[in-house]
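Asks: build the 3D model from these lines:
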Amino acid sequence: MGMVDVTEKPVIRREAVAKGTILLSAHTVRKIREQEIKKGDPLFAAEIGAMNAAKQTHLLIPHCHQIPLDTVEVSFRVHEDSIEAECRVKAQARTGVEMEALVGVSMALNIVWDMVKYLEKDEMGQYPTTKMTDIRVVRKEKGK
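Replies: Below is the predicted model of the structure:
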């Protein structure tokens, strides 16, 4: 058991794209669009946090290799009652970068939630409709 030995694998270009969505109230999304969130711009914070998280994946997931990432790109699509995040990761490596993309997009959604949670709570302090969903790898590529 332990880390998979990738010593004999060639270093090649690798890319992965992950997406996920956070469901929010239309009121919260409106506040995000109008830049009226108390803690600041959640999409800007989520972009920075996602990049940092992707680079730290090997510290978070026990069997992941430490991969020097060439780029991490984070983008958002804002809908009426949700925000879709996308994290694209590239590296020249012996193993894939899917986990880095998944960790990045997951962190982006967590940061958005953290920054808007005061708007999403009901009178009991619960989150009856706020939900992160559809976190998945949408594309994985290996070069030569």
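Asks: name the nearest residue to Gln66, sequence neighbours excluded.
Replies: With sequence-adjacent residues excluded and distances taken as C-beta to C-beta, 6 or more residues apart in numbering, Gln66 is closest to His58, at 4.1 Å. (C-beta placed from N, C-alpha, C; glycine too.)
Asks: distance of that neighbour from Thr95?
Replies: Noted for His58: a distance of 11 Å to Thr95, by C-beta to C-beta, to the nearest Å.
Asks: what's the overlap in contacts for those two?
Replies: His65, Ile67 (C-beta atoms under 8 Å, 6 or more residues apart in numbering).
Asks: wait, the residue nearest to Gln66 touches Pro68, no?
Replies: No - His58 is beyond contact range of Pro68, at 10.5 Å (criterion: C-beta atoms under 8 Å).
Asks: these two: which is more packed in?
Replies: Set side by side, His58 and Pro68 show more neighbours around His58, with 16 against 8, by other C-beta atoms under 10 Å.
Asks: now do the SS call for the more buried one.
Replies: Assigned by DSSP: H, G, I helix; E, B strand; the rest coil, the conformation of His58 is helix.
Asks: contacting residues around it?
Replies: Cys64, His65, Gln66, Ile67.
Asks: so which of those is the most crowded?
Replies: Among those, the one with the most neighbours (other C-beta under 10 Å) is Ile67, at 21 neighbours.
Asks: check what pLDDT that one gets.
Replies: The per-residue pLDDT reported for Ile67 equals 94.
Asks: quick check: phi and psi on it?
Replies: Dihedral pair for Ile67: phi -120, psi 130, per degrees, to the nearest 10.
Asks: tell me the spacing between it and Ala91.
Replies: Relative to Ala91, and taking C-beta to C-beta, Ile67 is found at 5 Å.
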